[in-house]
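Colleague: test case, fold it:
(one chain, ligands or ions: 1)
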Amino acid sequence: MKIFSPGRINLIGEHTDYNNGFVLPAAIDKGITFSVQRTGNKGIYIQALDIDESMIFQEGGTLPPSLSWKTFMAGILLELENEGLDWNGLKVDFTSNLPIGSGMSSSAALGCGFIFALVKYLNHPMSRKAIAQLAQLVDHKYVGVRSGIMDQFASLHGKKGQAILLDCQSIEHQLIPFQPEDYTFLLVNTMVKHSLAESAYNDRRAACEKGASLLGANSLRTVNFEQLNENKAIFEEDTFVKCQYVLEENDRVKKACQALRADDFITFGQLMNASHEGLSQAYQVSCEELDFLAETAQNLTGVLGARMMGGGFGGCTINLVKTSELDLIKSTLISAYKAKFGIEAETYIANIAEGTYVMDTDCD
Ligand code: GLA
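Modeller: Prediction:
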């Protein structure tokens, strides 16, 4: 059985998911292909074909000594074992065309795809939502990143030509068509991933939780601007600014959806630019490479909006561009980035595609 597990883009709504807010991601046509077979041997054999690494995991096995792709697999296997799933006697291999560390969420594609492949192959009933939640739990419990649900949810629930408006409080979603003829999403990869990414992510989450608890709220979702402003005095400046960003970003997601529904790509692009500014100045999860790419793009003809995408501190920018100007925009950004940082940026077109699916059911 072969399974395709896609990466995701996020159109807008960054660092809002773990605040029970709104996000607007979509699955893309790049991802990880898993293949599952039965061997009958004890334990499970997993092969990462692209890097020529493998692992054998037995029931009640222990985690690998250092963090790697094997940590995800081991965590998932232990959790599924607790749920009573017998994964003994399987061989799973995978290969990816998703650039790692680019902010297109290769880790969600890996975790969700692996769970999906196992439960499908073993006919174990598990909803896509439950798969997303299990992959998220593995991030928290075994990987040590207190990620939100956006990446996992988008990878599993994507639909071709549709963005996903996800309410991270109710975990309910609506699909919003996104198939403009004249515009394209261009991703530009900084090719950097700064090391503070994981710790800063958890710090931001903690700051938001502190802000919510100062106001007696469970999350920032139930806090409004008046409440925040009225209570400014009890906040440290930094916490206040970060909470304010989250409220503003939630607002931008709602406005962005209205703009999409009205085919108003100009407004949509302006909201993307404002999102970048908030992420860079207020939330402080950008870096000089991302700022340079986003700001350079924002000043080019044919770019409607540009912003950093995902957790930050590296990875990609996402740019809404006029398809007719695509080639020129791409080459201008690549050469400007090379001149400034001496790094050759990669670019990708993000085609909005189906969420995780079974490619074929051949079992040998
Ligand atoms: C990472 C996390 C997501 C989300 C984004 C920021 O991709 O995995 O849950 O918080 O960062 O929006």
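Colleague: how about the residues of this structure near the ligand?
Modeller: By C-beta under 6 Å from any ligand atom, the part of the chain that sits against the ligand consists of Glu14, His15, Asp17, Tyr18, Ser105, Ser147, Gly148, Met150, Asp151, Gly310, Gly311. For glycine as for every other residue, the C-beta is placed from the backbone atoms N, C-alpha and C.
Colleague: closest to Ala206 among those?
Modeller: Proximity of those to Ala206 (C-beta to C-beta) peaks at Tyr18, which lies at 10.3 Å.
Colleague: ok, now how distant is the nearest residue to that closest one once chain neighbours are set aside from Tyr357?
Modeller: Using C-beta to C-beta, 6 or more residues apart in numbering and skipping the chain neighbours, the partner closest in space to Tyr18 is Gly148 (3.8 Å). As for Gly148, its distance to Tyr357 is 23 Å (criterion: C-beta to C-beta, to the nearest Å).
Colleague: which parts of stretch 68-78 are buried?
Modeller: Under the neighbour-count criterion of 16 or more other C-beta atoms under 10 Å, stretch 68-78 has Trp69, Lys70, Thr71, Phe72, Met73, Ala74, Gly75, Ile76, Leu77, Leu78 buried.
Colleague: run the chain-centre distance for that stretch.
Modeller: Relative to its chain's centre, stretch 68-78 lies at 19 Å (C-alpha atoms, centre = their mean, to the nearest Å).
Colleague: what's the answer for stretch 173-189, then?
Modeller: Relative to its chain's centre, stretch 173-189 lies at 15 Å (C-alpha atoms, centre = their mean).
Colleague: tell me how far the ends of that stretch are from each other?
Modeller: Stretch 173-189 has its terminal residues 28 Å apart, counting by C-alpha to C-alpha, to the nearest Å.
Colleague: heads up, I number from 31, so please use that
Modeller: That works, and once the first residue is 31, the last one we named lands at stretch 203-219.
Colleague: now do that stretch, average pLDDT.
Modeller: For stretch 203-219, mean pLDDT rounds to 94.
Colleague: one more: stretch 245-255?
Modeller: 98.
Colleague: list the buried residues in it.
Modeller: Neighbour-count burial for stretch 245-255 [16+ other C-beta under 10 Å]: Leu245, Ala247, Ser249, Leu250, Arg251, Val253.
Colleague: which of these sit farthest apart?
Modeller: Pairwise distances across the buried residues of stretch 245-255 (C-beta to C-beta) peak at 11.6 Å, for the pair Leu245 and Arg251.
Colleague: how about the residue nearest in space to the middle of the chain, nearest residue that isn't a chain neighbour?
Modeller: Note on the chain: the residue nearest the mean C-alpha position is Asp181, at 3.6 Å, using C-alpha atoms, centre = their mean. Among residues not flanking Asp181 along the chain, Ala138 sits closest, at 3.6 Å (C-beta to C-beta, 6+ apart).
Colleague: quick check, Phe265 in contact with Ala242.
Modeller: No: with contacts counted by C-beta atoms under 8 Å, Phe265 stays clear of Ala242, the gap being 11.3 Å.
Colleague: many thanks, have a good one.
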